[in-house]
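In: 3D, please:
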Amino acid sequence: MLASPYALMMALGSGLASAVLFASVIAGTTLALPLFMMSALPIVIAALGWGTRAGILASIVAGAVVAAGLTGLSAASYLANIAFPAVVASHLIGLARTEGDHVEWYPLGRVLVASALIMAVLAVIIGSVYGYAPEGMLPRLAGMFAEMSRAPGDTTPIETLRVQYEPVARLTLRMLPVVIPIVSTVVLVLNLWLGAKVVARSDRLARPWEDLSAVRAPGRLGVAYGVAVAGTALPDPIGLFAGPFFGALSAVYTLIGLAVIHNVTRGAGPRPIVLATVYGLLFLIPFAALVPILIGLLDPVFKFRDRRRNGPPAAT
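Out: Numbering: from 1, shown residues only. Presented below is the predicted three-dimensional model:
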């Protein structure tokens, strides 16, 4: 039971909004993908502002609408990949332990890791259920690349072009189990941040707003990341199953590395230029994420943010 009729209306409205955003991807317009990526946002708002039960009810409503408007398989995909991670992560954000007058909230670093692991596990489950056969998909993907690259009037046989693009297709297929959890983790975290901002503006966010640049990785996460990295070098299927965990934890360390950069540049004159350069490189060259990942990994050892706080005052 929800606490009030207003909470019930919010849950129903959030579920409907989430279903519409999820279904917008079939439109094929320029805004279709951004709207689809925000389909977890209404669920987050309902869960953070009106409780986990409201988030669950909103998810059920959205799943029913998707099933009625699209297919049962689409609804199952929505509930597993969109609603479930959003509700669990929102619930963790609202968890607190009270000792006398002191309230200890569930650490945001652990929320971040839990969100990433959920996405990794989902990727492994989906790969196990639907099967993942790179060699079987290779000719189709190479042929697609060949068709896309073929210039008008080009008389080169498509089979020749397909063979030329096989190495690119093979690399793409190998990277998919890594890239998908990275993207899904970042999208979920973005929805959590936006949802918390919206709820905070309405004064319904129970948890005090925290300095996100101070978020730290839980202890021993580096060991788990090292195991995931080593696992990707093992023969399949272990290598394939390790890929999603490597990708998801890479997203965690990328975000933590960015938090460190935001923290240590605070108050510095060239801060806007530094941040614009960092995010521009991440957008244009995804492999540039190696820099924030390395910073995130080294932060527990060198304590960059503590050095900044204990150092001389920053220029204003």
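In: just how off-centre is the longest helix seen in the chain within its chain?
Out: Scanning the chain for the helix with the most residues, using DSSP state H, yields helix 166-201. In terms of Cα atoms, centre = their mean, to the nearest Å, the centre of helix 166-201 is found 4 Å from the chain centre.
In: which elements pack onto it?
Out: helix 32-37, helix 41-50, helix 84-93, helix 108-130, helix 134-149, helix 238-264 (3 or more Cβ pairs under 8 Å, 6 or more residues apart in numbering; DSSP states H and E). Using the backbone N, CA and C atoms, a C-beta is placed for each residue, glycine as well.
In: mean pLDDT for these: which is lowest?
Out: Across the helices and strands packed on helix 166-201, helix 134-149 has the smallest mean pLDDT, namely a mean of 72.
In: list the buried residues for the following helix or strand past it?
Out: Once the chain leaves helix 134-149, the next helix or strand it forms, by DSSP states H and E, is helix 158-164. Residues 161, 162 are the ones in helix 158-164 that count as buried (16 or more other Cβ atoms under 10 Å).
In: quick one on the thing from earlier: and the longest helix of the chain with helix 238-264, angle?
Out: If you take axes from the mean of the first three to the mean of the last three Cα atoms, to 10 degrees, helix 166-201 sits at 50 degrees to helix 238-264.
In: the helix or strand just after helix 166-201: which residues count as buried?
Out: Where DSSP H and E defines the elements, the next helix or strand beyond helix 166-201 is helix 221-232. Across helix 221-232, burial judged by 16+ other Cβ under 10 Å covers 221, 222, 224, 225, 228, 231, 232.
In: same question for stretch 168-186.
Out: For stretch 168-186, by 16+ other Cβ under 10 Å, it's 169-170, 172-174, 176-182, 184-186.
In: tell me the contacts of residue 238?
Out: residue 231 (Cβ atoms under 8 Å, 6 or more residues apart in numbering).
In: use 11 as the first number from now on
Out: All set: I'll call the first residue 11, so the last point we hit is now residue 248.
In: if I pick the spatially most central residue of the chain, what's in contact with it?
Out: Geometric centre of the chain, nearest residue: residue 195, 1.6 Å, by Cα atoms, centre = their mean. By Cβ under 8 Å, 6+ apart, the residues touching residue 195 are 125, 126, 129, 257, 258, 261, 262.
In: ok, and the closest non-adjacent residue to it?
Out: residue 261 (4.0 Å; Cβ to Cβ, 6 or more residues apart in numbering).
In: correct me, but the one you found touches residue 191?
Out: Yes: look at residue 261 against residue 191 with Cβ atoms under 8 Å: they come within range, at 7.0 Å.
In: list residues touching both of the two?
Out: residue 126.
In: and the gap between the residue nearest to residue 195 and residue 190?
Out: 11 Å (Cβ to Cβ, to the nearest Å).
In: give me the number of residues near the residue nearest to residue 251 when sequence neighbours are not counted?
Out: Closest residue to residue 251 apart from its sequence neighbours, by Cβ to Cβ, 6+ apart: residue 134 at 5.4 Å. Residue 134 has 20 neighbours, counted by other Cβ atoms under 10 Å.
In: quick check on the residue sitting furthest away from the middle of the chain: phi, psi?
Out: Distance from the C-alpha centroid of the chain peaks at residue 165, with 42.8 Å (Cα atoms, centre = their mean). Phi and psi for residue 165, reported as degrees, to the nearest 10, are phi -100, psi 10.
In: ok, now residue 108?
Out: phi -110, psi 130.
In: who does it bridge with?
Out: Beta-bridge pairing for residue 108 (DSSP bridges): residue 113.
In: in this protein, where is pLDDT below threshold?
Out: 11-13, 140-146, 318-326 (pLDDT under 70).
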